[in-house]
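**Q** Dropping a prediction and its sequence here:
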Amino acid sequence: MKDSILIEKDDGSTAYFTGGKAFVDAVAGAGSKEELRRILNHGRIADFSEEDLEESYRNLALSQNWDAIQQMFEDKDYDSCCRKLAVYGITTSREHFDLVNDVIASASDDALIREILHNTDMDSTLAALHRHGYDAMTADFLQLVHENAVHLHEDALLTEEELAELSGQTFYERCRKSINLIFALSTIAGLSLGVSGVADPALLIAIAGGISLMFGGDGAAQ
């Protein structure tokens with residue numbers, strides 16, 4: 001990946017990006033499929049299909065629209081939520097829909113949070129989640145959340161101040177800050193590795209929400 005990237009945007013203006021985080025931020029803010037293509041190409045990511053690029057941009061566009069995502073958070077009916085996603089050309093599974101609902105409910109469960117806040121292993125966290133009735137969360141999902149949280153922390157994609165904001169705001173505010181970033185990371189990883197079919201947006205939303213449970217008061221990944 002280049003250390004610096006100069007991009008001509010769709011409106012004719014130019015933007016100069018330096019470093020890994022700036023590249024991720026550029027992807028996160030792409031305003032069109034063609035702008036996303038140029039940002040990726042300048043970052044030496046070019047070996048992807050048109051279909052995967054199209055899907056990636058649809059997902060990114062959704063992640064940039066917090067009002068739409070919040071409406072989906074608040075919609076507990078699977079068929080209704082699917083109709084809202086269909087506007088973006090996106091589908092999801094019942095499994096991932098249930099997972100998002102579990103993430104939202106668990107993040108607001110004070111008794112659960114007190115119980116798992118100081119857990120140091122995944123098995124005890126998973127057991128606590130299931131005791132409180134959050135059965136849609138699996139060990140595989142918790143591992144995905146952990147890997148993303150560690151990536152954000154250890155790879156310095158977020159500054160200490162930004163990590164503190166993730167741990168210091170309400171659940172919805174944390175999600176609002178992290179969802180677009182998680183979608184951008186998924187886009188970069190999927191297209192650079194040539195993975196066909198990027199992650200289900202509902203799963204990415206669930207991961208972003210789950211990260212809010214992975215940071216303690218000092219902003220460090222648990």
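**A** Nice, I can see it.
**Q** mind listing the helices for the chain?
**A** For the chain, applying DSSP state H gives helices covering 19-28, 33-42, 50-63, 66-74, 78-86, 94-107, 110-116, 122-131, 139-154, 160-168, 171-192, 201-211.
**Q** in the second one, what's buried?
**A** When burial is assessed from 16 or more other C-beta atoms under 10 Å, helix 33-42 yields the following buried residues: Lys33, Glu35, Leu36, Arg37, Arg38, Ile39, Leu40, His42. Where you see a C-beta, it was placed from the backbone N, CA and C, and this is true even at glycine.
**Q** Which strands and helices lie in contact with it?
**A** strand 4-8, helix 19-28, helix 50-63, helix 171-192 (3 or more C-beta pairs under 8 Å, 6 or more residues apart in numbering; DSSP states H and E).
**Q** can I get the CA coordinates of it in CSV?
**A** The C-alpha trace of helix 33-42 is given here as CSV (Å, rounded to 0.1, in the frame of the first residue of the first chain):
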residue,chain,number,x,y,z
LYS,A,33,-18.2,3.6,-7.3
GLU,A,34,-15.7,5.2,-9.6
GLU,A,35,-14.2,7.3,-6.8
LEU,A,36,-13.8,4.1,-4.8
ARG,A,37,-12.2,2.4,-7.7
ARG,A,38,-9.6,5.3,-8.1
ILE,A,39,-8.8,5.2,-4.3
LEU,A,40,-8.3,1.5,-4.4
ASN,A,41,-6.2,1.6,-7.6
HIS,A,42,-3.9,4.3,-6.2
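**Q** what's the burial count for Asp10?
**A** The criterion is other C-beta atoms under 10 Å. On that basis, Asp10 has 11 neighbouring residues.
**Q** Confirm for me that it is in contact with Gly29.
**A** No - using C-beta atoms under 8 Å, Asp10 makes no contact with Gly29, being 12.0 Å away.
**Q** pLDDT score for the one residue sitting closest to the centre of the chain?
**A** Nearest to the mean C-alpha position of the chain, by C-alpha atoms, centre = their mean, lies Ile182 at 2.7 Å. Note on Ile182: pLDDT of 83.
**Q** which residue packs closest to it, ignoring adjacent ones?
**A** Spatial nearest neighbour of Ile182, excluding adjacent residues (C-beta to C-beta, 6 or more residues apart in numbering): Ala208 at 4.4 Å.
**Q** Could you list the low-pLDDT ranges of the protein?
**A** Scanning the chain for pLDDT under 70 picks out the ranges 1-5, 7, 9, 15-19, 151-170, 194-199, 212-222.
**Q** For it, identify the residue most remote from the centre.
**A** Gly12 (29.2 Å).
**Q** Quick check: that one vs Leu193, distance?
**A** 32 Å (C-beta to C-beta, to the nearest Å).
**Q** Also Glu8?
**A** Taking C-beta to C-beta as the measure, Glu8 falls 27 Å from Leu193.
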